[in-house]
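I need the structure of the sequence given here:
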Amino acid sequence: MRFPNGGSLSLRAGKLFHLLIQFAGVRVADAAQHKVTLSALNETFHITAGELMDLIDELHTTTLRMHLTDTKGRRFQKSGPILSDAEQEDEAETQAELRYEFSPAMRRAIANSTHWAVVSRRAVLAFESRYALRLYTLLSLRVGLRKASEPLSVEDLRELLGVPVGKLKRWQDLRRKALEPAMAEVNHLTGIIVAYVPIKRGRRITGITLTWGTKTGQDMVEAMKEIERPKVGRKARREGTVEVVEMSEGQARIDLADALAAAGQVDEIRNT
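Next up is the predicted model:
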């Protein structure tokens, strides 16, 4: 994806993008107008009519570009916006609708892809970082491949994460503010586990080798449980600070019980 003026797709626009794909259902790759009521959209994505149109504008101005090969082996590029058309009824209308169409380029990208079948809607809505949403989208495209790693230059990584031009120029900032927080959310909330190894030239970091895999057993269960929990305290749970608090409270209860027991013994001695 390419963004206007060197910007990036916002977190809310990214979430709307995924929801519109899922609301389109099995006809997502058809040359058709899709419909969703504003009330249905608001069940999972609380938004005003004005905010919705602003996000639609982001999808109109975000360009998808693909490198393709035709049946004769000739390579070419195909590009277009995510949405080619959108109509939004006044929210005062009963069962007001958003009607939308994906562009031919977007439909081409979706047509032969199993990616959207494995994307978790609940995970998408749970993300708090646009970088986490971008990383999850990219990894979902790759988990079905035979390979489980990919080398990326720092510039490739910036582009894949959708970092705005001129932002997070230093590797340390890119790692600390974009890559590692995104990885932490993906590892915490989804069925994918991701890691990376820095690629160095001398002392300079020139890229990373991104690695990924799918969770199994209890790890998958824990990710599913976390999505069910409220967002409040999620960062603390991810960083493990909640466990420290719980252990401290537990120890306090043990200490209190011991103190009460000791006090009871003293009283018994006094009573005898």
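
so who does residue 220 touch?
residue 191 (C-beta atoms under 8 Å, 6 or more residues apart in numbering). (C-beta placed from N, C-alpha, C; glycine too.)

do the same with residue 35
Contacts of residue 35 by C-beta under 8 Å, 6+ apart are 97, 98, 99.

give the bridge partners for it, please.
Beta-bridge pairing of residue 35 under DSSP bridges involves residue 99.

do you know the pLDDT at it?
Model confidence at residue 35, given as pLDDT, is 93.

ditto for residue 224
72.

skip the chain neighbours and tell me the closest residue to residue 53.
Of all residues not flanking residue 53 in the chain, residue 88 sits nearest, at 6.1 Å (C-beta to C-beta, 6 or more residues apart in numbering).

test my guess that the one you found contacts residue 50.
No: Residue 88 lies out of contact with residue 50 (C-beta atoms under 8 Å); the separation is 10.0 Å.

out of the two, which sits in the busier spot?
Using other C-beta atoms under 10 Å as the criterion, residue 88 and residue 50 rank with residue 88 on top: 16 against 9.

can you name the residues bridging to the more buried one?
For residue 88, the beta-bridge partners under DSSP bridges are residue 98.

quick check: the gap between it and residue 20.
Using C-beta to C-beta, to the nearest Å, residue 88 is found at 12 Å from residue 20.

related to what we said a few turns ago, quick check, nearest of the contacts of residue 35 to residue 45?
Nearest to residue 45 among the contacts of residue 35 is residue 98, at 11.2 Å by C-beta to C-beta.

before we move on, which element is residue 219 in?
Take DSSP states H and E as the rule and residue 219 turns out to sit in helix 217-228.

pull out the buried positions in whichever helix or strand comes after that helix.
Counting by DSSP H and E, the next helix or strand C-terminal to helix 217-228 is helix 234-239. Using 16 or more other C-beta atoms under 10 Å as the test for burial, helix 234-239 gives 234, 238.

quick one: low-confidence ranges for the stretch 1-150 of the chain?
Low-confidence segments of the stretch 1-150 of the chain, defined by pLDDT under 70: 1-7, 112-121, 144.

run through the strands of it in chain order.
Counting by DSSP state E, counting those that start in this stretch, one finds strands in the stretch 1-150 of the chain at the ranges 34-37, 63-69, 75-81, 83-88, 97-102, 149-153.

TSV for those, including distance to residue 174?
Converted to TSV, the strands of the stretch 1-150 of the chain look like this (distance: least, C-beta to C-beta, whole Å):
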stretch	distance to residue 174
strand 34-37	36
strand 63-69	23
strand 75-81	26
strand 83-88	30
strand 97-102	31
strand 149-153	12
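
of those strands, which is nearest residue 235?
strand 149-153 (26.3 Å).

got a list of contacts for the closest one?
Counting by C-beta under 8 Å, 6+ apart, residues outside strand 149-153 touching it are 142, 160, 199, 206, 207, 208, 209, 210, 211, 212.

picking up where we left off before, can you give me the buried ones in the helix holding residue 219?
Result for helix 217-228 [16+ other C-beta under 10 Å]: buried residues 223, 224, 226.

so what's the last one up against?
By C-beta under 8 Å, 6+ apart, the contact set of residue 226 is 188, 189, 234, 237.

neighbours of the first one, just the number please.
What that stands for is residue 188. Other residues close to residue 188 by other C-beta under 10 Å number 19.

let's see the pLDDT reported for the closest residue to it other than its chain neighbours.
Once flanking residues are discounted, residue 188 sits nearest to residue 238: 4.6 Å by C-beta to C-beta, 6+ apart. As predicted, residue 238 sits at a pLDDT of 75.

correct me, but residue 238 touches residue 185?
Yes: proximity of residue 238 to residue 185 meets the contact threshold set by C-beta under 8 Å, at 7.5 Å.

thank you kindly, that will do.
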